[in-house]
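Undergrad: curious how this folds, go ahead:
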Amino acid sequence: MATTAQLKYEEIFRASVATEATKVPEAVVKAALATGDVGFLHSLVNDSTVNGPGQRVVVRTTGCMWSCQTCHNPDAWIMRKGLPVTVTKVVDELSRFRQGKNASSRGLTITGGEPVMQDRFVAKLLAAAHDMNVHTALETNGYVGDRLSNAELKTVDLVMLSIRAWDNERHRRLTGRPVQETLTFARRLAALRKPMWLRYVLVPGLTDDAEDIANIARFAADLDNVERVEVQPFDQLARFKWQQTGLRFPLEGVEAPTHEAMGRAREIFRRSRLNTV
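TA: Numbering: from 1, shown residues only. Take a look at the predicted model:
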């Protein structure tokens, strides 16, 4: 049976659907974050094939403490701009998605923004999916990974971790934050023997330094839990979103990396015997 608080959240959810810009009261935001009964979402997508293995339900949360120059979703940085959605609604959607053919190849990916900013919501959703025997994946920068306990991380089948740079000052320029917390979280995942995919965005003139890439490669190889490294090319596709949110795109005019540059970066990771795509 739904609690009074859950019914209140449902009313806010319906109002949010009915209006393009619902201002969520501060007290409701704090209550939702504390209990995890409600999450604030940028979007919910069915049948994605690019956010982990197989077909996925992708839950994209709002809120992020980084301000990456390469971000494709700057509209997801501010948490309360998201749509408030109950855990129950997401689980119901996941249950429907699991029905039919090829159910065993279907899973849940929680991404953002930075999903662990909404750690109680994420923990509840992961636990519910785990109880349904649904494969779970978490896309994160790891900066606030300590908000999830080891027990809660057991409900995650795969972590897709973004490392933007090895050099701390370069990482600060790219994200606004230092890299140490991300590396600490990566080491913790390795200690837990949690499968991990590493994601690295190649930006000409910013993240194409061979020595910096080699340092990340050696670090990843030493962890012994990195199943895959994804070297992703920078592109200009996010520029319009930055403009729509009233922000100046900091990488205006930066070209996408060449095929040769992508090959060189991938080869550095492969030299450390990492499966690289």
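Undergrad: C-alpha from now on. contacts and neighbour counts both.
TA: Noted.
Undergrad: neighbours around Thr258, how many?
TA: Neighbours of Thr258 under the rule other CA atoms under 10 Å: 12.
Undergrad: helices or strands up against the strand of greatest length in the chain?
TA: Among the elements of the chain assigned as strand by DSSP state E, the one spanning the most residues is strand 38-48. Packing partners of strand 38-48 (3 or more CA pairs under 8 Å, 6 or more residues apart in numbering; DSSP states H and E): helix 26-35, strand 55-61, strand 83-86, helix 87-98, helix 119-131.
Undergrad: got a list of what Ile110 touches?
TA: By CA atoms under 8 Å, 6 or more residues apart in numbering, the contact set of Ile110 is 58-61, 122, 137-139.
Undergrad: one more pass at 6 Å, please.
TA: When contacts are counted by CA atoms under 6 Å, 6 or more residues apart in numbering, Ile110 touches 58-59, 138.
Undergrad: who wins for neighbours among those?
TA: Leu138 (27 neighbours).
Undergrad: phi first, then psi, for that residue.
TA: Leu138 adopts backbone torsions of phi -130, psi 120, taken as degrees, to the nearest 10.
Undergrad: likewise Pro204?
TA: Main-chain dihedrals, Pro204, degrees, to the nearest 10: phi -50, psi 130.
Undergrad: once you drop chain neighbours, what's closest to it?
TA: What sits nearest to Pro204 in space, not counting adjacent residues and going by CA to CA, 6 or more residues apart in numbering, is Pro257, at 5.7 Å.
Undergrad: measure the one you found to Arg98 for me?
TA: 38 Å (CA to CA, to the nearest Å).
Undergrad: spatially nearest residue to Asn51 (excluding sequence neighbours)?
TA: Distances taken as CA to CA, 6+ apart place Thr109 nearest to Asn51, at 6.5 Å, with adjacent residues excluded.
Undergrad: surely the one you found is in contact with Ala137?
TA: Yes. Between Thr109 and Ala137 there is a contact under CA atoms under 6 Å: 4.6 Å.
Undergrad: the helices and strands packed on strand 38-48: which one's closest to Asn73?
TA: The minimum distance between Asn73 and those falls on strand 55-61, with 10.0 Å, by CA to CA.
Undergrad: any stretches of the chain with poor pLDDT?
TA: Applying pLDDT under 70 to the chain picks out residues 1-24, 100-105.
Undergrad: hey, where'd the strands end up in it?
TA: Using DSSP E, strands in the chain cover 38-48, 55-61, 83-86, 106-111, 135-140, 158-162, 196-202, 226-233.
Undergrad: contacting residues around the fifth one?
TA: Contacts with strand 135-140, where a contact means CA under 6 Å, 6+ apart, come from 107-111, 114, 156-161.
Undergrad: most neighbours among those residues, which one is it?
TA: Of the contacts of strand 135-140, with other CA under 10 Å as the count, Leu108 tops at 32 neighbours.
Undergrad: the longest strand of the chain pairs with which strands?
TA: Its sheet considered, strand 38-48 pairs with strand 55-61 (antiparallel), strand 83-86 (antiparallel) by DSSP bridges.
Undergrad: what angle do the longest one and helix 87-98 make?
TA: When you say that, I think you mean strand 55-61. Here strand 55-61 runs at an angle of 160 degrees relative to helix 87-98 (axes from the mean of the first three to the mean of the last three CA atoms, to 10 degrees).
Undergrad: can you show me the CA trace of strand 55-61 as PDB?
TA: Below are the C-alpha coordinates for strand 55-61, written out as PDB (Å, rounded to 0.1, in the frame of the first residue of the first chain):
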ATOM      1  CA  GLN A  55      19.300  -4.300 -24.400                       C
ATOM      2  CA  ARG A  56      18.800  -1.900 -21.500                       C
ATOM      3  CA  VAL A  57      16.400   0.300 -19.700                       C
ATOM      4  CA  VAL A  58      18.400   3.500 -19.200                       C
ATOM      5  CA  VAL A  59      17.500   5.700 -16.200                       C
ATOM      6  CA  ARG A  60      19.300   9.100 -16.600                       C
ATOM      7  CA  THR A  61      19.200  11.100 -13.400                       C
END
